[in-house]
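1. My questions concern the predicted model and sequence given below.
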Amino acid sequence: MRVFIISSLFGVLASVTAVQAQDIGDIWQGRNFAQDVCASCHAVRAGQTQTQSPLATAPSFEEIANTPGMTAAALNFWLTAQVHPTMPLLMLSSQQVKDVSAYILSLRAKP
């Protein structure tokens, strides 16, 4: 299943060539949303690993942020996809998508 998810993400990354959105989401709003909505399955705080995710197959937000090639555009696609096998159907506003994406990307390891 994990291989399928990673393969799907790389497929998305390969097909997403759109320029990233000009306005960036609010990291703090994204963090609050993630704690309220996403934390039931994912480890959403900095420093948490997948083993700390309530759902064993759900990657931590930090792991998502550090996926090679991860961008706001790829997160936007994933969060707004109508059907994907590993997540419930979420109806997020465009601002919520920007905010959650900004928060996830803020967790990326600094070089």
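-> Cool, the structure landed.
2. This protein: helices as residue ranges?
-> Along the chain, counting by DSSP state H, helices occupy 2-15, 27-37, 61-65, 72-80, 94-106.
3. mind putting those in JSON lines, mean pLDDT and mean neighbour count included?
-> Quick note: C-beta positions are derived from backbone N, CA and C, even for glycine. JSON lines is the format used below for the helices of the chain (pLDDT from 0 to 100; neighbours: other CB atoms under 10 Å):
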{"stretch": "helix 2-15", "mean pLDDT": "48", "mean neighbour count": "13"}
{"stretch": "helix 27-37", "mean pLDDT": "96", "mean neighbour count": "17"}
{"stretch": "helix 61-65", "mean pLDDT": "96", "mean neighbour count": "21"}
{"stretch": "helix 72-80", "mean pLDDT": "90", "mean neighbour count": "19"}
{"stretch": "helix 94-106", "mean pLDDT": "96", "mean neighbour count": "21"}
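4. Which among those helices is found nearest to Gln52?
-> Minimum separation from Gln52 across these (CB to CB) falls at helix 61-65, 9.9 Å.
5. May I see the helices of the chain organised as JSON lines, with distance to Gly47 added?
-> Below are these laid out as JSON lines (distance: least, CB to CB, whole Å):
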{"stretch": "helix 2-15", "distance to Gly47": "21"}
{"stretch": "helix 27-37", "distance to Gly47": "13"}
{"stretch": "helix 61-65", "distance to Gly47": "7"}
{"stretch": "helix 72-80", "distance to Gly47": "20"}
{"stretch": "helix 94-106", "distance to Gly47": "13"}
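6. Wait, Phe61 touches Cys41, no?
-> No: in this structure Phe61 lies outside contact range of Cys41 using CB atoms under 8 Å: 10.7 Å.
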